[in-house]
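Colleague: here is a sequence together with a model predicted from it:
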Amino acid sequence: MLHTTNQEHIERKNLLILRILREAEQPLGARIIARRMEEAGIAMSERTVRYHLKLMDERGLTRLVGHRDGRAIAPLGMEELENARVRDKLGFVISRIENLAFRTTFDPSKGRGLLPVNITLFPEERFKEALDAMGQAFDAGICVSELVSVRKAGERFGDMIVPKGKFGFATVCSIVINGVLLKTGVPMDSKFGGILQVRNGQPLRFTDMIFYSGSSLDPSEAFIRAKMTSVREVARKEEGKILANFREVPVVCRGLVKKTILKIQKAGIGGVILMGEPSEPACQVPVDMNKIGLILMGGLNPVACAEEAGIESENRAMSNMIEYQELRHFTDVRKKGF
């Protein structure tokens, strides 16, 4: 029994190492891997990580790159991730949300600090088209923030290097609200991501939802891939379906939440579509006793707009942290084309 438990523990660590290598898209050494594992809540020494990597090399899951100890994920390692036990995948999204909220250091009063972003990769030859298409969403305010960041091929977005032939486009993730509220002492319960129906410019109800606690895939990515949005229609006619997220906060924190949200808005970050009444449904979604429902804008709505225009993209929601001061206004980016 002890052997089985230890083996399962080892497999979970190996899967985390593989995920880290996959997300990095470049060879990583044991020191960096150990640091990122610690950020994910698993403490391992550099020496132990190196031992695991050696065993994974032997299994063909990873491969040594260069003369140093840099490793890259091998095709067999990618397959291992795809075939990972459902139990290991469940709850991955909610863990990611909690991790990014904790790592958020953004201070809206000072206008600096780290905040979470979604990264989208567009083909270089269609990036100008993508900017024009996304402009509809930004102009209509269907975004968490009009502040964005762009990287060319070979440049970095935090831990990620933009691949050849691509432009990297970062949009502010709504988890920034979780993070800032957490730093003020307000606990936030992240429930689900969904499709929010808009009628006459007002939020009506959620038509589809994916609960974070039982999902290994970000809901927004899934809905965009399934072509379930109509962000362009909402931008033009104030009728349609957009990406949104549902949160709950304690009633006793209501005043502090409102005050904090105003500070965030002054820093150019919005994203709050609706704050409900105590213990009352918000957009037809039941709310727990002594809680308030918060409906937040999905950060990938502008990207959904581009997808609706026929411009394919590769989305990595909740994928990274960048400095607030690295962000630029979308209008400035659109004028320059990058």
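Modeller: Received, thanks.

Colleague: following the lowest-mean-pLDDT helix or strand in the chain, which helix or strand comes up?
Modeller: Across the helices and strands of the chain, mean pLDDT, DSSP states H and E gives its lowest value to helix 86-89, namely a mean of 56. Downstream of helix 86-89, the first helix or strand assigned by DSSP states H and E is helix 92-103.

Colleague: what residue ranges in this protein score low on pLDDT?
Modeller: 1-8, 67-69, 84-91, 159, 337-338 (pLDDT under 70).

Colleague: helices along that one, start to end?
Modeller: For the chain, helices defined by DSSP state H occupy the ranges 2-24, 30-39, 46-59, 75-82, 86-89, 92-103, 127-139, 175-183, 219-225, 231-237, 254-266, 301-308, 330-336.

Colleague: for Val148, find the nearest of those.
Modeller: Counting by C-beta to C-beta, Val148 lies closest to helix 330-336 out of the helices of the chain; the figure is 5.1 Å. C-beta here means a position set from N, CA and C on the backbone, and glycine is covered the same way.

Colleague: which positions in that closest one come out as buried?
Modeller: Phe330, Val333, Arg334 (16 or more other C-beta atoms under 10 Å).

Colleague: circling back to that earlier point, and the helices of the chain, which is most packed in?
Modeller: Highest mean neighbour count among the helices of the chain (mean count of other C-beta atoms under 10 Å): helix 301-308, with a mean of 27.

Colleague: with only the CA atoms kept, save that one in PDB.
Modeller: Provided in PDB are the C-alpha atoms of helix 301-308 (Å, rounded to 0.1, in the frame of the first residue of the first chain):
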ATOM      1  CA  ASN A 301     -13.700  38.400 -25.500                       C
ATOM      2  CA  PRO A 302     -11.600  40.500 -27.900                       C
ATOM      3  CA  VAL A 303      -9.900  37.300 -29.100                       C
ATOM      4  CA  ALA A 304     -13.300  35.600 -29.500                       C
ATOM      5  CA  CYS A 305     -14.200  38.600 -31.800                       C
ATOM      6  CA  ALA A 306     -11.200  37.800 -34.000                       C
ATOM      7  CA  GLU A 307     -12.100  34.100 -34.100                       C
ATOM      8  CA  GLU A 308     -15.700  35.100 -35.200                       C
END
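
Colleague: who touches it?
Modeller: 118, 120, 122, 129-130, 133-134, 136-138, 142-143, 169, 171, 220, 223-224, 227, 229-232, 235, 242-243, 298, 313, 315 (C-beta atoms under 8 Å, 6 or more residues apart in numbering).

Colleague: could you do stretch 327-338 as well?
Modeller: Contacts for stretch 327-338 (C-beta under 8 Å, 6+ apart): 127-128, 131-132, 134-135, 138, 145-150, 152, 167, 170, 172, 268.
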